[in-house]
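Asks: structure for the following, please:
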Amino acid sequence: MLHTQRISFGSVLSCVPPPNQGLGNRGATGSREVTCHMAKNKGKSPKKDKSKKKNSGGGDFGATDPSDSTFDGERWDKEEDLGELVAFVNIDSADVDTEHGPATAAEVDYIVILTGDDKNKVYENQLVFGAMLAKAIYGADSINGIVLGRLAQGEAKKGRNAPWLLEPATKKDHTKQEAWFNKYASRKKSGAIRINLDKVPF
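Replies: Below you'll find the predicted structure:
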């Protein structure tokens, strides 16, 4: 039987690099479903190569199992939560080939909306695109596995869409987030966070 231990879920302020740091326009907010090749992050166990598939049957007509990265839930729509307090949980990065070219996305187990009309809504197994937003998530020093911030948009440059940003949360925001996670989440033995979705009132 797996035992879990509840602890305080402090989060890390996201740091958004200014536009002149050469991040470029690597993000693709309108990306299609793709196979991801995981980037190795310090302090985390290597993930399986999701591009590898196995045959379930034999002979000339043996079928191939779906990729582990096949999306099977609701996709997060950033526009619906502009200005809201958002927590990103159990974070990694993924190098992805999209219809707009190669990009590095933030891969998260959960996205938790903590304010607004979608308050308490939890999205599972998400890839977050947008060069500055993704970098703000996977590039943060998230010791506790959570990055917290207010979703925002910058100014659009000529010929480009306005960049998505994650603004630093306030002390009050952090208090709200920690209370939410202490109520609805627990830690696995591995240290990863598990959200008890059956208990979340949405």
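
Asks: so which elements touch the biggest helix by length in the chain?
Replies: Longest helix in the chain, counting residues (DSSP state H): helix 171-184. Applying 3 or more CB pairs under 8 Å, 6 or more residues apart in numbering; DSSP states H and E, one finds that helix 171-184 contacts strand 85-98, strand 146-153. Glycine gets a C-beta too; all of them are placed from N, C-alpha and C.

Asks: export those as a markdown table, with columns for mean pLDDT, distance to residue 184 and mean neighbour count.
Replies: Formatted as a markdown table, the helices and strands packed on helix 171-184 follow (pLDDT from 0 to 100; distance: least, CB to CB, whole Å; neighbours: other CB atoms under 10 Å):
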| stretch | mean pLDDT | distance to residue 184 | mean neighbour count |
| --- | --- | --- | --- |
| strand 85-98 | 94 | 11 | 22 |
| strand 146-153 | 96 | 13 | 22 |
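
Asks: can you put the ones you listed in TSV and add distance to residue 196?
Replies: Converted to TSV, the helices and strands packed on helix 171-184 look like this (distance: least, CB to CB, whole Å):
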stretch	distance to residue 196
strand 85-98	13
strand 146-153	16
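
Asks: between those strands, which gets nearest to residue 188?
Replies: Smallest distance to residue 188 across the helices and strands packed on helix 171-184 (CB to CB): 9.7 Å, for strand 85-98.

Asks: lovely, talk soon.
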